[in-house]
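K.L.:
the sequence and its predicted three-dimensional model are supplied below.
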Amino acid sequence: MFSLQVFCTKLTEAGIPQDVITGIFSNISSIYCFHDKFLLPELKTRITGEWDSNPRIGDILQKLAPFMKMYGEYVKNFDRAMDLVNTWTQRSSQFKSVVQNIQKQDVCGNLTLQHHMLEPVQRIPRYELLLKDYLKKLPDDALDRKDAEKALELISTAANHSNAAIRKMEKMHKLLEVYERLGGEEDIVNPANELIKEGHIKKMSAKNGTAQDRYLYLFNNMVLYCVPKLRLMGQKFSVRERIDIAGMEVQENVKQNLPHSFAIIGKQRSLELQARTAEEKEDWIQVILATIERHKQNSETFNKAFNSSFSREDDHLPESPGPWCSTSTDSDGERLHERKSSKKKEKEKQTCKGCNENFNFTKRKHHCKSCGAVSQDGTRDICAPFGI
């Protein structure tokens, strides 16, 4: 945790805006102070100087456990902090240079800033594991058992939030690894992207039918069809095609004379592929189909929620005409107006009579209770000129 203080201090000295520093490191200074001034000194004193007369730690942890809520603020800010690091690394050469120089220092252990940012998130789950292990070895009638169990209850609540952040971080690390293997050419480091499966596969040439080595990355929303690159250090790939999951289909048994073959048919391109074994082929097909189905379900859920926000008002339109729906004429015998209440006609009205602005997601359609006219806010303002 001390290393994060070094990052925070050096970036501040380099003139990085204070709101960026705060956005990245959140309340890490308060957390560091809590450990350095309170928790660690009390534990050290108890274990090294008082253990023979007072062999307990549960009372200390229970007393200080409420202060560990500070970790909750850090965990809640974790996603935003990671986004800020990625953004400033890409857009600020000064920020990138300072971070890289700090990472080379012995105090950082040659680890990245992102790795050190994860350490406070991992701290609470580690306390939880230590307490569980402590309670297993503690006699049932021990004086410390009650305090230790209460401390574990308090710490476990905070650990649940930390574990969720750890899982997100692990996913982000995986995306970063793929990003590096693709030479930084593809913009895939996005919290919305999830890597489902990856692996070597054969691509059947359309010209001569020969098998060519290829590599597939299957994400929750796309497939990256890649070609291996020759590199001295580590395997690298070049993206040949990006195929959307939306609208994708899978076809089995493409060629009867070619074992373990199948095809993926997408909007951008169709690929005839060959797995090494029947089991590998079945695994690819099942995982791709499951990804397609999950994408369909997510899209349908989103569309229903989005469309319902527009149609909620239309579902409650009046079915029968009000008093204003009669036919009237002026002194010249000409018909002034004839208005009928119908859902079809109301849906066709897409402009506010009060300001002539088109309705959209933020400017909703409402009806005046007095005259039935369509307006944005449902007020009586547009009825005033007619004396209603």
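P.N.:
Great, that's in hand. All values reported here derive from a predicted model rather than from experimental measurement.
K.L.:
rest of the way, CA atoms for contacts and neighbours
P.N.:
OK.
K.L.:
residue boundaries of the strands in the stretch 51-200 of the chain?
P.N.:
Listed in chain order, the strands of the stretch 51-200 of the chain (DSSP state E, counting those that start in this stretch) span 195-204.
K.L.:
low pLDDT regions in it?
P.N.:
161-166, 169, 185-186 (pLDDT under 70).
K.L.:
how about 50 then?
P.N.:
By pLDDT under 50, the stretch 51-200 of the chain contains no weakly predicted segment.
K.L.:
packing partners for the longest helix along the chain?
P.N.:
The longest helix of the chain (DSSP state H) is helix 145-181. Counting contacts by 3 or more Cα pairs under 8 Å, 6 or more residues apart in numbering; DSSP states H and E, helix 145-181 packs against helix 58-64, helix 70-76, helix 113-137, strand 195-204.
K.L.:
quick one: the ones you listed as CSV, columns for mean neighbour count too.
P.N.:
As requested, the helices and strands packed on helix 145-181 are exported to CSV (neighbours: other Cα atoms under 10 Å):
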stretch, mean neighbour count
helix 58-64, 18
helix 70-76, 18
helix 113-137, 16
strand 195-204, 17
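K.L.:
adding distance to Ala211, write these out as CSV.
P.N.:
Output for those, formatted as CSV (distance: least, Cα to Cα, whole Å):
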stretch, distance to Ala211
helix 58-64, 62
helix 70-76, 48
helix 113-137, 40
strand 195-204, 5
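K.L.:
who wins for proximity to Leu289 among the ones you listed?
P.N.:
strand 195-204 (11.8 Å; Cα to Cα).
K.L.:
give me the angle between the longest helix of the chain and helix 113-137.
P.N.:
150 degrees (axes from the mean of the first three to the mean of the last three Cα atoms, to 10 degrees).
K.L.:
quick one, helix 145-181 and strand 195-204 angle?
P.N.:
Using the same axes, to 10 degrees: helix 145-181 against strand 195-204 is 30 degrees.
K.L.:
distance from the chain centre to helix 145-181, please.
P.N.:
Remark: helix 145-181 is offset 15 Å from the chain centroid, using Cα atoms, centre = their mean, to the nearest Å.
K.L.:
tell me the secondary structure at the closest residue to Val239 other than its chain neighbours.
P.N.:
Setting aside the residues directly before and after it, Val239 is nearest to Cys226 in space (Cα to Cα, 6 or more residues apart in numbering), at 4.3 Å. Following DSSP: H, G, I helix; E, B strand; the rest coil, Cys226 is assigned to strand.
K.L.:
quick one: Cys226 from Tyr215, how far?
P.N.:
Using Cα to Cα, to the nearest Å, we find Cys226 at a distance of 5 Å from Tyr215.
K.L.:
now do the shared contacts for the two.
P.N.:
Counting by Cα atoms under 8 Å, 6 or more residues apart in numbering, the common neighbours of Cys226 and Tyr215 are Phe237.
K.L.:
correct me, but the residue nearest to Val239 touches Phe237?
P.N.:
Yes: Cys226 lies in contact with Phe237 (Cα atoms under 8 Å); the separation is 5.9 Å.
K.L.:
Thr277 and Phe262 touch, don't they?
P.N.:
No: in this structure Thr277 lies outside contact range of Phe262 using Cα under 8 Å: 11.9 Å.
K.L.:
Gly184 versus the residue nearest to Val239, what's the distance?
P.N.:
Counting by Cα to Cα, the gap from Cys226 to Gly184 is 14 Å.
K.L.:
between the two, who's got more neighbours?
P.N.:
Cys226 (21 against 14; other Cα atoms under 10 Å).
K.L.:
for the more buried one, give me its contacts.
P.N.:
Cys226 sits next to 214-217, 237-241 when contact means Cα under 8 Å, 6+ apart.
K.L.:
show me where pLDDT drops low in the stretch 251-388 of the chain?
P.N.:
320-348, 360-364, 368-372, 376-388.
K.L.:
circling back: what's the pLDDT at the residue nearest to Val239?
P.N.:
pLDDT recorded at Cys226 is 92.
K.L.:
now do stretch 276-293: distance to the chain's middle.
P.N.:
26 Å.
K.L.:
got the CA coordinates for it in PDB?
P.N.:
What follows is stretch 276-293 as a C-alpha-only set of coordinates in PDB (Å, rounded to 0.1, in the frame of the first residue of the first chain):
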ATOM      1  CA  ARG A 276      -8.400 -30.700 -34.200                       C
ATOM      2  CA  THR A 277     -10.800 -33.200 -32.600                       C
ATOM      3  CA  ALA A 278     -14.500 -33.900 -32.500                       C
ATOM      4  CA  GLU A 279     -14.600 -32.800 -28.800                       C
ATOM      5  CA  GLU A 280     -12.900 -29.500 -29.700                       C
ATOM      6  CA  LYS A 281     -15.400 -28.900 -32.500                       C
ATOM      7  CA  GLU A 282     -18.300 -29.600 -30.300                       C
ATOM      8  CA  ASP A 283     -17.000 -27.300 -27.600                       C
ATOM      9  CA  TRP A 284     -16.500 -24.400 -30.000                       C
ATOM     10  CA  ILE A 285     -20.000 -24.900 -31.500                       C
ATOM     11  CA  GLN A 286     -21.700 -25.100 -28.100                       C
ATOM     12  CA  VAL A 287     -19.900 -22.100 -26.700                       C
ATOM     13  CA  ILE A 288     -20.600 -19.900 -29.800                       C
ATOM     14  CA  LEU A 289     -24.300 -20.900 -29.800                       C
ATOM     15  CA  ALA A 290     -24.600 -20.100 -26.100                       C
ATOM     16  CA  THR A 291     -23.000 -16.700 -26.700                       C
ATOM     17  CA  ILE A 292     -25.300 -16.000 -29.600                       C
ATOM     18  CA  GLU A 293     -28.400 -16.900 -27.500                       C
END
